[in-house]
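Asker: sequence first, predicted coordinates after that:
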Amino acid sequence: MISFPESLEMERLLIRAPLWGDGAAMNEAILESLEELRPWLPFARKAPTLEESEAFTRQTRLEFLNRSNLHLRLFDKHTGKFIGSSGLHRIDWDVRSFEIGYWIRTSCAGNGYITEAVNGITDFAIRELAANRIEIRCNAKNVKSAAVAERTGYTLEGILRNTRLAENGELGDTKVYAKVRGSEF
């Protein structure tokens with residue numbers, strides 16, 4: 001099993017693996033941000049209970065330890081406040097391919113935290129995990145998420161049609177952005 005650090009520090013962020021007890025802070029952030037997250041993220045279609053958030057945190061800790069899914073928590077480095085979540089998902093260790101996902105609590109949006117996190121996690125994946133391919137996938141209508149991918153230098157490879165189910169039950173499209181070894185890093 002590959003060994004790598006469980007945290008990294010950026011200019012303003014501490015990015016680390018989930019730990020037992022993170023559920024309360026994550027739950028608070030989700031509840032604050034439910035209306036903004038709901039159109040894009042299936043987990044936000046209903047408000048999670050505190051117990052559900054802690055159970056999810058514990059599950060993601062186990063997944064991090066067995067390297068099947070690398071959820072990461074974002075904290076303001078100076079205040080310690082939980083500000084969002086990210087991670088490396090849909091991992092193919094043979095290819096060294098990863099997908100970065102992210103969300104931020106409403107009160108912290110618009111300050112460049114997610115851009116900072118994506119840049120840091122991208123560098124981490126290249127340096128520590130020997131990534132060959134890193135993707136960002138987002139709902140084609142999610143202009144904020146797409147803007148993060150574009151700001152961080154990811155290339156739009158295409159739009160997959162009718163690949164996701166929206167909150168209202170309608171089919172939607174997915175934008176696929178990527179960086180690949182040899183051309184973007």
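Answerer: Alright, I've got the coordinates.

Asker: can you show me the CA trace of the strand or helix carrying T174 as CSV?
Answerer: Mapping T174 onto the secondary structure by DSSP states H and E places it in strand 171-180. Taking Å, rounded to 0.1, in the frame of the first residue of the first chain, the C-alpha atoms of strand 171-180 are listed here in CSV:
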residue,chain,number,x,y,z
LEU,A,171,-31.2,14.3,-17.2
GLY,A,172,-28.2,16.6,-17.3
ASP,A,173,-24.8,16.8,-18.9
THR,A,174,-21.3,16.5,-17.4
LYS,A,175,-18.3,18.6,-18.3
VAL,A,176,-15.0,16.7,-18.1
TYR,A,177,-11.8,18.6,-17.4
ALA,A,178,-8.4,17.0,-17.1
LYS,A,179,-4.7,17.4,-16.7
VAL,A,180,-2.5,14.7,-18.0
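
Asker: ok, and what's touching that strand?
Answerer: Identification of contacts with strand 171-180 by Cβ atoms under 8 Å, 6 or more residues apart in numbering yields 122, 132-141, 146, 149-150, 153-166, 184-185. Glycine gets a C-beta too; all of them are placed from N, C-alpha and C.

Asker: can you flag which of the residues you listed belong to helices?
Answerer: Using DSSP state H, the subset of the contacts of strand 171-180 located in helices is 122, 146, 149-150.

Asker: in ChimeraX, how would I select the buried members of the contacts of strand 171-180?
Answerer: In ChimeraX, a selection of the buried entries from the contacts of strand 171-180 looks like this (16 or more other Cβ atoms under 10 Å):
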select :122,132,133,134,135,136,137,138,139,140,146,149,154,164
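
Asker: now, the contacts of strand 171-180 that are in strands?
Answerer: Among the contacts of strand 171-180, the residues falling in strands (DSSP state E) are 133-139, 155-165.

Asker: out of the ones in helices among the contacts of strand 171-180, what pair is the most spread apart?
Answerer: Among the ones in helices among the contacts of strand 171-180, the pair separated by the greatest distance (Cβ to Cβ) is T122 and A146, at 16.1 Å.

Asker: quick one: contacts for G84?
Answerer: For G84, counting by Cβ under 8 Å, 6+ apart, the contacting residues are 29, 74, 102-105, 108, 113-114, 117.

Asker: separation between the closest residue to it other than its chain neighbours and A146?
Answerer: Residue nearest to G84 in three dimensions, not counting chain neighbours: I104, with 3.8 Å by Cβ to Cβ, 6 or more residues apart in numbering. With distances taken as Cβ to Cβ, to the nearest Å, I104 is found 15 Å from A146.
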